[in-house]
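Asker: Structural data only, the sequence is not supplied:
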DNA sequence: ATTAGGATCCTCT
DNA sequence: GAGGATCCTAATG
């Protein structure tokens, strides 16, 4: 899909899944103030601050109350590139949206978007015109459930945060 | 190509 | 009080 936030974004090329019975998931230990949105209705944004520095964007998935989400890890930038360059102070296309923190900065994600519907402004989502090939592998940067192959990438994309093996 | 350290702060125990 | 779904820079092999 193509994801835009206030007209800025691109093609989603990398994600990770997090589920309720998943020790690496924020929802693993049940609802808390931070993860409350994960337990709400699907189709909303779950935004959290990573390492005190980076705002990361997730899509809430599955049914209300389940506590699942998909972390957006990388986009191929296609829209609003000048805005991204300014926000990131970085012109190299591969360094604009390839990693969760970079993506958040390039799209100006912050806590004000937490809980917002993904089918309304400022979000815009458009499905790909044709089916695509997806590869999977272990998730990145976690210490539990490290063998679950729940990282997904667009096959052959040059905009992945890291290659798949 | 790989490693190490720092920045920075919220969340939950 | 500890630790994190990270990124950047600098130093080393």
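Answerer: Received it, and whenever you're ready, just let me know what you need. None of the values given here were measured: they were computed from a predicted structure.

Asker: Around DNA strand C, which positions in chain A sit nearby?
Answerer: A:16, A:18, A:24-27, A:38, A:46, A:48-54, A:56, A:58, A:69, A:71, A:88, A:90, A:95, A:99-103, A:139-143, A:161 (C-beta under 7 Å from any atom of the strand). Every residue, glycine included, has its C-beta placed from N, CA and C.

Asker: Quick one, which of those are buried?
Answerer: A:16, A:18, A:24-27, A:38, A:46, A:48, A:54, A:56, A:58, A:69, A:71, A:88, A:99-103, A:139, A:142, A:161 (16 or more other C-beta atoms under 10 Å).

Asker: State the three-state secondary structure for the residue positioned nearest the centre of chain A.
Answerer: Nearest to the mean C-alpha position of chain A, by C-alpha atoms, centre = their mean, lies residue A:72 at 1.3 Å. For residue A:72, the assignment made with DSSP: H, G, I helix; E, B strand; the rest coil gives strand.

Asker: mind listing what it touches?
Answerer: By C-beta atoms under 8 Å, 6 or more residues apart in numbering, the contact set of residue A:72 is A:3, A:12, A:14, A:15, A:56, A:57, A:58, A:59, A:100, A:103.
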